[in-house]
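Undergrad: Could you look at this predicted model? Sequence included:
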Amino acid sequence: MTLNLVDVSMEYHLRGRPTRALDGVNLTVSPREFLCVVGASGSGKSTLLSLVAGLTMPTRGEITIDSHPITGPGPDRGLVFQTGSLYPWRTVERNVAFGLELLALDTAERARRVDWYLAETGLADVRRSLPRQLSGGQQQRVAIARALVCEPDVLLLDEPFGALDVQTKEDMQLLIRQIWRDTGTTVLMVTHDVEEAVFLGTRVVVLASDPGRVAAEVRIPLAEDRDLAAKRTPAFLELRASIEDMVRAQHRGGVIR
Ligand SMILES: Nc1ncnc2c1ncn2[C@@H]1O[C@H](COP(=O)(O)OP(=O)(O)OP(=O)(O)O)[C@@H](O)[C@H]1O
């Protein structure tokens, strides 16, 4: 699976006034990559993800998956937002199974997949609970399991851990990295948290603001086997500082212009 964005621009019109959220973005996400997109607030991170999800269409340019243009949402892309995307009246297992209802799978395969992804995300014990009976971290696990159960070509994550406390967030970072390694899925994640991006990503893209465009791409040369202690190593801290400087510089550039 190769995801390609070619000269993608997006302009919103709010009460007749245009806002150029993205301008001429070119980006390729290769199979099995974990690509993190960072940038200051308003640099177009969420816009980029909603274009790839097919929730919005670009005003210019083309987005393709394996050369097929994206024309709307589809089961080849699994999407996880920051909060609030679960069905409150469905149990954990029925939330996870939801995506499968749209796919033509036999009952045994459905049950197998739900069981596997509940176990992979550590939810087996709470499978019959309702979302309101879960912690914030558990709710995000359900959202991740529900996106993964369709075995999408690419998992799209929009600040999925942004609303969690630090410890839960770090647990979730370890979990998503484990899932990425276990399943071999491709991940495209947007976050404003540079530490998170360096810890999770195989590559980090920095967006400039106003209009959003690709300012830099940084390959993360850290070992694939990372634990939280990796965040305190000199190589990690150096990468984090240099990317934070890029984000800050791009933001200032945007403000000054
Ligand atoms: N539906 C919309 N209508 C009008 N303008 C919009 C809309 N969505 C986003 N924008 C504008 O497009 C620009 C990019 O917004 P976007 O939400 O993609 O940025 P972001 O990097 O995700 O920001 P944040 O980190 O704050 O979530 C901003 O100037 C924003 O105000």
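TA: Now that the structure is in, tell me what you want to look at.
Undergrad: Let me know the pLDDT of the nearest residue to Thr91 once chain neighbours are set aside.
TA: Excluding its sequence neighbours, the residue lying closest to Thr91 (Cβ to Cβ, 6 or more residues apart in numbering) is Arg128, at 5.2 Å. Every C-beta, even on glycine, is put in place using the N, C-alpha and C of the backbone. Arg128 is assigned a predicted lDDT (pLDDT) of 98.
Undergrad: Name the secondary structure element that contains Arg128.
TA: Under the criterion DSSP states H and E, no helix or strand holds Arg128.
Undergrad: So it sits against Glu93, correct?
TA: Yes: at 6.8 Å, Arg128 counts as touching Glu93 under the criterion of Cβ atoms under 8 Å.
Undergrad: So between these two, which is more surrounded?
TA: Taking neighbours as other Cβ atoms under 10 Å, Arg128 and Glu93 compare with Glu93 leading, 21 against 10.
Undergrad: which stretches of this structure aren't confidently modelled?
TA: Counting by pLDDT under 70, the chain shows low-confidence ranges at 252-257.
Undergrad: Domain boundaries for it, per the record?
TA: The record assigns the chain these domain ranges, following automatic domain parsing: 3-76+154-256, 81-151.
Undergrad: what distance separates the first one from the centre of its chain?
TA: Put plainly, it is domain 3-76+154-256. 7 Å (Cα atoms, centre = their mean, to the nearest Å).
Undergrad: Thought Leu49 was touching Ala21, still the case?
TA: No: Ala21 is beyond contact range of Leu49, at 11.6 Å (criterion: Cβ under 8 Å).
Undergrad: got the buried residues for stretch 29-42?
TA: For stretch 29-42, a neighbour-count test (16 or more other Cβ atoms under 10 Å) marks Val29, Glu33, Phe34, Leu35, Cys36, Val37, Val38, Gly39, Ala40, Gly42 as buried.
Undergrad: if I look at the residue in the stretch 101-250 of the chain positioned nearest to the ligand, how far off is Leu22?
TA: The ligand sits closest to His192 of the stretch 101-250 of the chain, with a gap of 5.1 Å, by Cβ to the nearest ligand atom. According to Cβ to Cβ, to the nearest Å, His192 and Leu22 sit 16 Å apart.
Undergrad: Then Thr202?
TA: 23 Å.
Undergrad: got the residue ranges for the strands in the stretch 101-250 of the chain?
TA: 154-158, 186-190, 203-208, 213-219 (DSSP state E, counting those that start in this stretch).
Undergrad: related to what we said a few turns ago, out of the buried residues of stretch 29-42, which touch the ligand?
TA: The residues of the buried residues of stretch 29-42 that also fall near the ligand, by Cβ under 6 Å from any ligand atom, are Gly39, Gly42.
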